[in-house]
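Asks: Coordinates only, no sequence provided:
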Ligand code: ADP
């Protein structure tokens, strides 16, 4: 059985070249600050136009769900917009919603035939999710998804692109832990 390569790197997700980039969007798909703003700036206005179409069709995207647009000028084939939870202290279902973001994005990526997928650290910026916990949820959810996925739909490569050094340190530390505990 061929395994999926999982890695964490430091960088700007807009510079990544693979099949699909995941965007940490807002539920109106309006583009905003952080990684969302960077993706819209780098990808150009075609992305916002497609987001407006999705808004007209279905009102946007609910937290935990994912929708696809074209990548505009980005060097990938698909842009997957998922909406992370806004951290409200942890008792508003934030952890479940964050896990659903990773699952919905991977499911959509599989439907699109994407073999490589890059994630930002969803919700850990403006939305205020504690970074260490968000990292654990991301790694666990991706590992569980891969364990349950049919081999033909499993991507070859998943990359966590950390913009901040502290996030990369958390991923490196927690991935090591994962390897040790199998
Ligand atoms: P959210 O609203 O989901 O918290 P943010 O964009 O504010 O979204 O932050 C999510 C994560 O994306 C943060 O860790 C932030 O540092 C990171 N980030 C910001 N710009 C980029 C970028 N160009 N590439 C990758 N990650 C980025």
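Replies: Done, it's in. Note that the coordinates shown come from a computational prediction; the quantities given were computed from them, not determined experimentally.
Asks: all contacts plus neighbour counts: C-alpha atoms, from now on.
Replies: Fine.
Asks: Which residue ranges of this structure form strands?
Replies: Along the chain, counting by DSSP state E, strands occupy 5-10, 20-25, 66-69, 78-83, 116-119, 157-162.
Asks: Make a markdown table from the ones you listed and add distance to residue 46, mean neighbour count and mean pLDDT to it.
Replies: Shown next, in a markdown table, are those (distance: least, C-alpha to C-alpha, whole Å; neighbours: other C-alpha atoms under 10 Å; pLDDT from 0 to 100):
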| stretch | distance to residue 46 | mean neighbour count | mean pLDDT |
| --- | --- | --- | --- |
| strand 5-10 | 27 | 16 | 97 |
| strand 20-25 | 15 | 29 | 98 |
| strand 66-69 | 9 | 22 | 98 |
| strand 78-83 | 12 | 25 | 98 |
| strand 116-119 | 20 | 24 | 98 |
| strand 157-162 | 24 | 21 | 98 |
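Asks: mind checking which of these is nearest the ligand?
Replies: With C-alpha to the nearest ligand atom as the criterion, the ligand lies closest to strand 20-25 of the strands of the chain, at 4.7 Å.
Asks: State the paired neighbours of that closest one in the sheet, together with their directions.
Replies: For strand 20-25, sheet partners with direction are given as strand 78-83 (parallel), strand 116-119 (parallel), following DSSP bridges.
Asks: I'd like the ones you listed as a markdown table, with distance to residue 10 appended.
Replies: As requested, the strands paired with strand 20-25 are exported to a markdown table (distance: least, C-alpha to C-alpha, whole Å):
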| stretch | distance to residue 10 |
| --- | --- |
| strand 78-83 | 20 |
| strand 116-119 | 12 |
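Asks: possible to save these as TSV with distance to the ligand?
Replies: Written out in TSV, the entries for the strands paired with strand 20-25 read as follows (distance: least, C-alpha to the nearest ligand atom, whole Å):
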stretch	distance to the ligand
strand 78-83	7
strand 116-119	8
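Asks: Between the two ends of stretch 112-127, how far is it?
Replies: 28 Å (C-alpha to C-alpha, to the nearest Å).
Asks: from the middle of its chain, how far away would it be?
Replies: Averaged C-alpha coordinates place stretch 112-127 at 2 Å from its chain's average position (C-alpha atoms, centre = their mean, to the nearest Å).
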